[in-house]
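Chemist: Build me a structure from this.
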Amino acid sequence: MTVVQDVFGMPATSLTPPQPPLWTPPDRAPAVAAVRRLVEVSWRDLVRQIDPANLLLVDPTSAYVATLAMRPTSLSLGYAIESRVGSAAFASAGKGDFSPTALLATAIGPAAGTVQLVDGNGLEQVVPGTAAMIGDELVRVDAINLATRTLTFGRGCVDTVPAQQHVAGTRIWFTDDYLGENTTEYSTGVTVQVRLLPHTGSGRLAPELAPVDSLLFGGRQARPYPPGKLMINEASWPTDVVGDVSLEWAHRDRLAQADQLIDTSMASVGPEAGVTYSARLLRADTNAVLASQTAIAGTTATLATTYEGQVIVELWSVRAGTESHQRQRWTFIRANP
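Modeler: Residues are numbered from 1 along each chain as shown. Got it, this is the predicted structure:
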């Protein structure tokens, strides 16, 4: 038997289900800025923002808030700032760009000048010579290696001092040119509430979805700068001291330093007119005062005590009854000769 397939009777075309697309369109919806921070504006920030003539008109009791935020999505373009005091309605108060930021990979002490960073965001935008903030300490960026994620920096700049320790995981913000500009003037002692509204090409975050943060103003911009280059019995950050506790430090001058980033290791600048210094020695276990001096015009002091054990030394600036934003502070073991 001979069999022939009738190909002319087959369907002219065949249909198969379409393959699902491999490309997923990006989510363009605005997202909450989950990583963010409020900071009170420093004198250096004002010098960078206000011309010299108007800078002289800034009242010592005036206070301003700045914002920092990490980019929540790759499509986030920036954010609007809304603020209020008390139960008043939120009002538009400026705008901001997202700040480069990262976390410290390891803990660092007050003498450290390099650290490795992890979980970085926007680090390619960081420029040497600009300011960064680790915890509450302002530092100067001296170099950054993007390949190794290593940062080299100068400690205790502007109105801050080197922290005794920054633990691993502490966030660092790169602040110059990335502080959100809130143009509203407040007064010392006022608490402000702020919310950030990120936006994309598709719109702005709904205000009711934005978390609200608060900041109490302490009059930061008008406070004298704390002393730098602290030496305790001729050593930097000693672990133990025998005999009287002798202190030596360098002057700092808020007005003369202007927008410069003078780190704690540099020689004296100033001092600002009317500045004196206060120092005290405390028991670490009870905070009881063992010795103290006030109204020091120079750059040395001696604190005498017979107490043996762990103690804390504090040193700060005073001008017309106003104390520096931060104090030099160090803990060590003191023993009798």
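
Chemist: doesn't Arg195 make contact with Pro207?
Modeler: Yes - using Cβ atoms under 8 Å, Pro207 is in contact with Arg195, at 6.8 Å. (Each C-beta comes from the backbone N, C-alpha and C, glycine too.)

Chemist: what residues are shared contacts of those two?
Modeler: Glu82, Phe90 (Cβ atoms under 8 Å, 6 or more residues apart in numbering).

Chemist: out of the two, which sits in the busier spot?
Modeler: Arg195 (24 against 12; other Cβ atoms under 10 Å).

Chemist: What separation do you get for the more buried one and Tyr79?
Modeler: Per Cβ to Cβ, to the nearest Å, Arg195 is found 10 Å from Tyr79.

Chemist: Then Ala267?
Modeler: 41 Å.

Chemist: Tell me which of these two has more neighbours.
Modeler: The neighbour comparison of Ala267 against Tyr79 (other Cβ under 10 Å) goes to Tyr79, with 27 against 9.

Chemist: Give the bridge partners for the more buried one, please.
Modeler: Note on Tyr79: beta-bridge partners by DSSP bridges are Gly96, Pro198.

Chemist: Test my guess that it contacts Arg71.
Modeler: No - counting by Cβ under 8 Å, Tyr79 does not reach Arg71; the two are 9.5 Å apart.

Chemist: Overlap in contacts, these two.
Modeler: Common neighbours of Tyr79 and Arg71 (Cβ under 8 Å, 6+ apart) are Phe98.

Chemist: can you confirm Arg44 is in a helix?
Modeler: Yes - assessed with DSSP: H, G, I helix; E, B strand; the rest coil, Arg44 lies in a helix.

Chemist: Might you list the low-confidence residue ranges for the chain?
Modeler: Along the chain, the parts satisfying pLDDT under 70 run over 4-16.

Chemist: Find the centremost residue of it, please.
Modeler: Relative to the mean C-alpha position of the chain, the nearest C-alpha, by Cα atoms, centre = their mean, is the one of Met133, at 2.9 Å.

Chemist: and Gly154, bridged to which residues?
Modeler: Assigned bridge partners for Gly154, using DSSP bridges, are Arg140.

Chemist: burial of it, as a residue count?
Modeler: Neighbours of Gly154 (other Cβ under 10 Å): 19.

Chemist: ok, now which ones touch it?
Modeler: By Cβ under 8 Å, 6+ apart, the neighbours of Gly154 are Gly113, Val139, Arg140, Asp142, Leu261, Asp263, Thr264, Ser265.

Chemist: Okay, helices next: where are they in the chain?
Modeler: Ranges of helices in the chain, per DSSP state H, are 43-49, 52-55, 254-257.

Chemist: Now mean neighbour count and distance to Ala89 too, for the ones you listed, in TSV please.
Modeler: Formatted as TSV, the helices of the chain follow (neighbours: other Cβ atoms under 10 Å; distance: least, Cβ to Cβ, whole Å):
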stretch	mean neighbour count	distance to Ala89
helix 43-49	19	26
helix 52-55	10	29
helix 254-257	19	36
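
Chemist: I'd like these as a markdown table, with distance to Leu290 appended.
Modeler: Listed next are these as a markdown table, based on distance: least, Cβ to Cβ, whole Å:
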| stretch | distance to Leu290 |
| --- | --- |
| helix 43-49 | 33 |
| helix 52-55 | 42 |
| helix 254-257 | 30 |
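
Chemist: Indicate which one of those is closest to Leu123.
Modeler: Nearest to Leu123 among the helices of the chain is helix 43-49 (21.9 Å), distances taken as Cβ to Cβ.

Chemist: Alpha carbons of the closest one, as PDB, please.
Modeler: Extracted in PDB, the C-alpha atoms of helix 43-49 (Å, rounded to 0.1, in the frame of the first residue of the first chain):
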ATOM      1  CA  TRP A  43      28.100  79.400  61.600                       C
ATOM      2  CA  ARG A  44      30.100  77.900  58.700                       C
ATOM      3  CA  ASP A  45      26.900  77.000  56.900                       C
ATOM      4  CA  LEU A  46      25.700  80.600  57.200                       C
ATOM      5  CA  VAL A  47      29.000  82.000  55.900                       C
ATOM      6  CA  ARG A  48      28.600  79.700  52.900                       C
ATOM      7  CA  GLN A  49      25.100  80.800  52.200                       C
END
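
Chemist: so how far is it from its chain's centroid?
Modeler: Chain-centre distance of helix 43-49: 15 Å, with Cα atoms, centre = their mean, to the nearest Å.

Chemist: And for stretch 256-266?
Modeler: Chain-centre distance of stretch 256-266: 16 Å, with Cα atoms, centre = their mean.
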